[in-house]
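Enquirer: Below: sequence and its predicted model.
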Amino acid sequence: MAEKVVIIGSGPAGWTAAIYAARANLEPLVFEGAITQENSAKGTLPLGQLNLTTEVENFPTWPYVDASVLQQFSKSALPEERYNNLVGFYEGKNAHKGKRAAYGPEQMEYMRQQAVNFGTRIITDDIVKVDFSKHPFALHSLGGKTVDALAVIIATGARANYLGLPSEERFKNNGVSACAVCDGALPRFRNKPIVVVGGGDSAVEEATYLTKFASVVYLVHRRDQLRASKIMQQRAFANAKIEIKWNRVLDEVLGNDDEGVTGVRLRSTTDEATEELSCAGVFLAIGHTPNTDFLQGQIECDDKGYIIRKKPHRTHTSVEGVFAAGDVADNYYRQAVTAAGSGCMAALDAERWLAEKGFE
Ligand code: NAP
């Protein structure tokens, strides 16, 4: 029998859609993504991009609170096997002391649990192929499962971009990364210079975070003005460990097979000058690509691959019965809270569409 609603993706949009769909008795099935090395390298593991970040200071209802209170909250809200994913935040040498906002991984575990509490079923697998030419729609997973669905909500988000330099590829996982939170605490970066490329909120956030470990963080930006929000800019300017390299791009990552990254060559964007810097790591923070490859052109997308929503202020896509929520369809706001909001909208749109078509 066909599923009423299948949700693909497990970031804030996916879980919010699941909470609403479950509470509307649609018995949602979530494909939360597969845990594979390839997904780890691409940054597309379950729980989305928020799971790769530290404190989330702008998600409403999470003011600063003592870390021990968050530990109690996690213990009370989550079953032991999920609590164990967070335990490093509360115990051991990386445990936070004092007040802070909830970390991204904490928020994601809470959202997932909230969806589970209302009966959401979860499969830890990727959808790798879809057939939207027939109804019920057919969804094929990496693990070889085929599921039929009356309605589908796509909430697969986006992933971090790389520049595409061969030297960048060569040193991935050996000094090159797009996730400071995942890799910043590695011993290889301790008290060494680190380079961050980009000028947006992500670049400033990563640079600020990396100052915990690095001797100095060079923030390399191609223009003479940051794109980041004012508050983030102020943080970067006020941090004595961040040195901004204005009007520069990354020309080459330097290193060798034994040590990995040992430096970078930067190129000026205003003249022909180049300069070399010693560093132990390079973190890319230059924007994102939507996770829409698996759709293989069956849904209308824009030239960057973001799903186009066909009705103003609604989540309908070019295929009737398929809805899109979160960053996979949002090249503009890209916030956890807007993704969550659009997840709610997609579930309500799907519920109303199913009722209209008499599929209840
Ligand atoms: P973004 O705002 O698109 O910024 C990307 C940055 O990378 C820009 O500064 C851009 O330079 C630079 N860039 C892009 N391609 C490049 C290339 N090929 N070579 C060199 N530099 C390149 O992306 P983001 O920082 O990931 O932020 C995405 C969204 O998430 C934003 O809406 C942001 O507000 C949000 N966000 C919020 C927070 C927070 O509030 N705490 C944290 C992270 C992200 P130009 O400026 O010259 O275009």
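Expert: Looks like it arrived, so ask away.

Enquirer: what residues are up against whichever residue of the chain sits closest to the ligand?
Expert: Nearest residue of the chain to the ligand, counting by CB to the nearest ligand atom: residue 200, 2.4 Å away. Any C-beta I mention is one placed from the backbone N, CA and C, and that applies to glycine too. The contact partners of residue 200, by CB atoms under 8 Å, 6 or more residues apart in numbering, come to 226, 227, 228, 285, 286, 287.

Enquirer: Assess the claim that the third one and residue 199 are in contact.
Expert: The one in question is residue 228. Yes. Between residue 228 and residue 199 there is a contact at 6.5 Å, judged by CB atoms under 8 Å.

Enquirer: what are the phi and psi angles of the residue nearest to residue 110 when sequence neighbours are not counted?
Expert: If you skip the residues right next to it in sequence, residue 110 has residue 77 as its closest partner in space, 5.9 Å away by CB to CB, 6 or more residues apart in numbering. With angles defined as degrees, to the nearest 10, residue 77 sits at phi -80, psi -30.

Enquirer: Please work out how many residues are found near residue 77.
Expert: Residues contacting residue 77 under the criterion other CB atoms under 10 Å number 15.

Enquirer: Repeat that for residue 148.
Expert: 15.

Enquirer: Kindly report the same for the one 5 residues further on.
Expert: Other residues lying near residue 153 total 32 when counted by other CB under 10 Å.

Enquirer: about what we covered before: would you mind measuring from the residue nearest to residue 110 to residue 270?
Expert: Using CB to CB, to the nearest Å, residue 77 is found at 52 Å from residue 270.

Enquirer: Can the helix or strand of the chain with the lowest mean pLDDT be said to contact the ligand?
Expert: Lowest on mean pLDDT, DSSP states H and E among the helices and strands of the chain sits helix 180-183, with a mean of 82. No. Helix 180-183 stays clear of the ligand (CB under 6 Å from any ligand atom), getting no nearer than 11.0 Å.

Enquirer: Near the ligand, which residues of the stretch 1-150 of the chain? Just list them.
Expert: Going by CB under 6 Å from any ligand atom, the residues of the stretch 1-150 of the chain near the ligand are residue 58.

Enquirer: With neighbour count and distance to the ligand as extra columns, can I get the contacts of residue 200 in TSV?
Expert: Formatted as TSV, those follow (neighbours: other CB atoms under 10 Å; distance: CB to the nearest ligand atom, whole Å):
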residue	neighbour count	distance to the ligand
226	21	7
227	16	4
228	23	7
285	25	6
286	20	4
287	16	4
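
Enquirer: in which helix or strand would I find the closest residue to residue 114 other than its chain neighbours?
Expert: Spatial nearest neighbour of residue 114, excluding adjacent residues (CB to CB, 6+ apart): residue 19 at 5.5 Å. For residue 19, the element it lies in under DSSP states H and E is helix 12-23.

Enquirer: any idea how far the closest residue to residue 75 other than its chain neighbours is from residue 113?
Expert: In space, and not counting its chain neighbours, residue 75 is closest to residue 83: 5.9 Å by CB to CB, 6+ apart. To residue 113, residue 83 is 10 Å away according to CB to CB.

Enquirer: Give me the neighbour count for residue 98.
Expert: A count of nearby residues for residue 98, using other CB under 10 Å, gives 8.

Enquirer: Isn't it up against residue 68?
Expert: No. Under the criterion of CB under 8 Å, residue 98 is not in contact with residue 68, lying 9.4 Å apart.

Enquirer: what sits against residue 207?
Expert: Contacts of residue 207 by CB under 8 Å, 6+ apart are 196, 217, 219, 236, 239, 242.

Enquirer: Checking my notes, the first one in a strand, right?
Expert: Read that as residue 196. Yes. Applying DSSP: H, G, I helix; E, B strand; the rest coil, one finds residue 196 inside a strand.

Enquirer: Tell me who's in contact with it.
Expert: 180, 203, 206, 207, 210, 217, 218, 219, 220, 282, 283, 285.

Enquirer: Okay, and which of those map to strands?
Expert: Mapping the contacts of residue 196 onto strands (DSSP state E) picks out 217, 218, 219, 220, 282, 283.

Enquirer: which stretches of the stretch 251-360 of the chain form helices?
Expert: 336-356 (DSSP state H, counting those that start in this stretch).

Enquirer: What does the pLDDT read for the residue lying closest to residue 191 once chain neighbours are set aside?
Expert: Nearest residue to residue 191, sequence neighbours excluded (CB to CB, 6+ apart): residue 215, at 5.0 Å. Residue 215 is assigned 97 on the pLDDT scale.

Enquirer: So residue 215 sits against residue 192, correct?
Expert: Yes. The criterion here is CB under 8 Å, and residue 215 meets it with residue 192 at 5.9 Å.

Enquirer: Quick one: residues contacting the residue nearest the centre of the chain.
Expert: Most central in the chain under CA atoms, centre = their mean is residue 49, positioned 1.4 Å from the mean C-alpha point. Shown in contact with residue 49 (CB under 8 Å, 6+ apart): 11, 43, 104, 157, 158, 159, 160, 327.
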